[in-house]
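Asker: no FASTA, just this:
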């Protein structure tokens, strides 16, 4: 899949009425397209992936990764530093302050009972280390699942937007094919008008036939104008799909069904959205298990180192340390844990139901896409056969009309049938390409088909 820059003047041309015998002013679309160097293959798909990563996927994945890192940090010890100041004349606190400052004097009992104002600057560094805390363990694993689910959701976003670019590419390709059909139809209408006018001048045709041929030509010109407008709109849509609204982009070469040959569809779906739902279900299960673990005790280790001074902050008249371990167990907290467990269980059931429903819908969409692809192949075969038969019928009728053995109505009828057959063939080919791409999209292997070396695991 490639695209290139082209001039908007190509889409601005409008057909003018051409009299019999004059050369038709056709839009040389293929010649002008060849004047430009094609850009690297698969660039539209790669471009939209860059857009998604920059604007949507990257922030979400970063948020989930940071959440996992934040949860993991609870495994690590917590270290805090504090500086506290206190002043008192209470006998008990005064005694302990002077004791911590290593200045306690027991020689004067009255000083213990009636102390003056005692001041203390305490500098303390504390370390807290959880030894057993289910909230930390389950919280970390839930955050990990959340990060993996965010990455899977980002891959699915890439699949969807890349498929949107593929759809826009096919739309532009179909608009080019429709332009070729409209130009051919216009050329055939000119030829019929020339023959009708020639027969009238020779005295073997009717003026009414020439007028009918002019009406048919006018209709062909109207279609040509409409098709050119559709082509301009398709270009705009293609540029918008690539995140470059207003850019003058065009395709460099049409896609063919051979693009998908040799790339069999995976037997088992690998859709990233289903993977994300599976990971979300696992995270919900962890939340449920965490709610049950709320009934367990929590064990932790604490250590501290303190400095005490009577006059200076951060002074060290006295030094001390403490190490201890503790166990806390919530024996009764109302119905908080029971309600939390019921809520987590309900959430788990809801996520599981959503995952199973999404899997059923995805299987349905894959089967539907495969049936549509089979139908599209048959439609293309019959449409191409119809074009051959309609072209042969038109050729024979034109020869009979020139020989005076067929009426203009017969010729116009075969021309209309040929025009319709050509248009049906254009639509059938685009429909087949869309159906083949849709199989890969619904199966979750669209990007793997186009960028097999760049798909993220």
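Answerer: Yep, that arrived. Just so it is clear, the structure is predicted and the values come from calculations on it, not from any experiment. Residues are numbered from 1 along each chain as shown.

Asker: phi, psi of residue 205?
Answerer: The phi/psi pair for residue 205 (degrees, to the nearest 10) reads phi -120, psi 170.

Asker: and what of residue 119?
Answerer: Dihedral angles for residue 119 - degrees, to the nearest 10 - are phi -120, psi 150.

Asker: swap in residue 83?
Answerer: phi -130, psi 120.

Asker: swap in residue 249?
Answerer: Backbone dihedrals for residue 249, given as degrees, to the nearest 10, come out at phi -110, psi 160.

Asker: beta partners for it?
Answerer: Residue 249 has these beta-bridge partners by DSSP bridges: residue 5.

Asker: just the pLDDT for it.
Answerer: Here, the pLDDT recorded for residue 249 equals 76.

Asker: thought it was touching residue 238?
Answerer: Yes. At 5.7 Å, residue 249 and residue 238 qualify as touching, with contact defined as Cβ atoms under 8 Å. Any C-beta I mention is one placed from the backbone N, CA and C, and that applies to glycine too.

Asker: who has more neighbours out of the two?
Answerer: Ranked by neighbour count (other Cβ atoms under 10 Å), residue 249 and residue 238 place residue 238 first, with 25 against 21.

Asker: for that one, list the residues it contacts.
Answerer: 3, 44, 165, 168-169, 171-172, 249-251 (Cβ atoms under 8 Å, 6 or more residues apart in numbering).

Asker: kindly indicate which of these lies nearest residue 287.
Answerer: Nearest to residue 287 among these is residue 165, at 37.3 Å by Cβ to Cβ.

Asker: which SS class is the closest one?
Answerer: At residue 165 the chain is in helix, as set by DSSP: H, G, I helix; E, B strand; the rest coil.

Asker: and residue 255, which of the three is it?
Answerer: coil.

Asker: after the helix or strand containing residue 197 comes which helix or strand?
Answerer: If you go by DSSP states H and E, residue 197 is part of helix 134-201. Where DSSP H and E defines the elements, the next helix or strand beyond helix 134-201 is helix 207-241.

Asker: so for the protein, the centremost residue is which one?
Answerer: Among the residues of the chain, the one closest to the centroid is residue 157, at 1.9 Å (Cα atoms, centre = their mean).

Asker: pLDDT wise, what is that residue at?
Answerer: Per-residue confidence (pLDDT) for residue 157: 85.

Asker: with residue 29 instead?
Answerer: 47.

Asker: and if you look at residue 11?
Answerer: 37.

Asker: ditto for residue 145
Answerer: The model's pLDDT for residue 145 equals 91.

Asker: name the helix or strand for the closest residue to it other than its chain neighbours, please.
Answerer: Using Cβ to Cβ, 6 or more residues apart in numbering and skipping residues adjacent in sequence, the residue nearest residue 145 is residue 283, 3.9 Å away. According to DSSP H and E, residue 283 maps onto helix 272-293.

Asker: how about residues contacting that helix?
Answerer: Taking contacts as Cβ under 8 Å, 6+ apart, the residues outside helix 272-293 that touch it are 134-135, 138-139, 141-142, 145-146, 148-150, 152-153, 155-156, 159, 337, 340-341, 343-345, 347-348, 351-352, 354-355, 358-359, 362, 444.

Asker: name the helices or strands packed onto the next helix or strand after it?
Answerer: As assigned by DSSP H and E, the chain's next helix or strand after helix 272-293 is strand 298-309. Contacts defined by 3 or more Cβ pairs under 8 Å, 6 or more residues apart in numbering; DSSP states H and E place strand 298-309 against helix 91-100, strand 118-132, strand 318-328.

Asker: would you mark the buried spots in the second one?
Answerer: It stands for strand 118-132. Buried residues in strand 118-132, counted by 16 or more other Cβ atoms under 10 Å: 118, 120-124, 126, 130.

Asker: try the first one
Answerer: Taking 16+ other Cβ under 10 Å as the basis for neighbour counts, the residues of helix 91-100 that come out buried are 94-98, 100.

Asker: got the angle between that helix and strand 118-132?
Answerer: 80 degrees (axes from the mean of the first three to the mean of the last three Cα atoms, to 10 degrees).

Asker: report all helices and strands that helix 91-100 contacts.
Answerer: Applying 3+ Cβ pairs under 8 Å, 6+ apart, one finds that helix 91-100 contacts strand 78-88, helix 109-113, strand 118-132, strand 298-309.

Asker: same check on the longest one?
Answerer: Secondary-structure packing of strand 118-132 (3+ Cβ pairs under 8 Å, 6+ apart): strand 78-88, helix 91-100, strand 298-309.

Asker: just the buried positions in the last one, please.
Answerer: Applying a neighbour-count criterion of 16+ other Cβ under 10 Å, one finds 298, 300, 303-304, 306-309 buried in strand 298-309.

Asker: closest to residue 233 among the residues you listed?
Answerer: residue 298 (64.2 Å).

Asker: quick one: contacts for the closest one?
Answerer: Residue 298 sits next to 130, 132-135, 327-329 when contact means Cβ under 8 Å, 6+ apart.

Asker: so how do I select the buried members of these in ChimeraX?
Answerer: Applying 16+ other Cβ under 10 Å to those, the buried members can be selected in ChimeraX as follows:
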select :130,133,134
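
Asker: what is the nearest of the contacts of residue 298 to residue 399?
Answerer: residue 135 (88.6 Å).

Asker: distance of the closest one relative to residue 324?
Answerer: 21 Å (Cβ to Cβ, to the nearest Å).

Asker: name the element residue 352 belongs to?
Answerer: Counting by DSSP H and E, residue 352 is part of helix 336-402.

Asker: now do the same end-to-end measure for stretch 322-342.
Answerer: One end of stretch 322-342 sits 41 Å from the other (Cα to Cα, to the nearest Å).

Asker: who's in contact with that stretch?
Answerer: Contacts of stretch 322-342 (Cβ under 8 Å, 6+ apart): 131, 288, 291-292, 294-295, 297-304, 306.

Asker: and the two most separated of the buried residues of strand 298-309?
Answerer: The widest separation within those (Cβ to Cβ) is 35.2 Å, between 298 and 309.

Asker: dump the buried residues of strand 118-132 to TSV, plus distance to residue 257 and pLDDT.
Answerer: Formatted as TSV, those follow (distance: Cβ to Cβ, whole Å; pLDDT from 0 to 100):
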residue	distance to residue 257	pLDDT
118	92	89
120	86	92
121	83	94
122	80	94
123	78	94
124	75	95
126	70	96
130	61	92
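
Asker: next, count neighbours for residue 158.
Answerer: 25.

Asker: isn't it right up against residue 446?
Answerer: No. In this structure, residue 158 is not within contact of residue 446 by Cβ under 8 Å, at 9.2 Å.

Asker: for the stretch 351-457 of the chain, what are the low-confidence residue spans?
Answerer: Within the stretch 351-457 of the chain, the stretches with pLDDT under 70 are 451-457.
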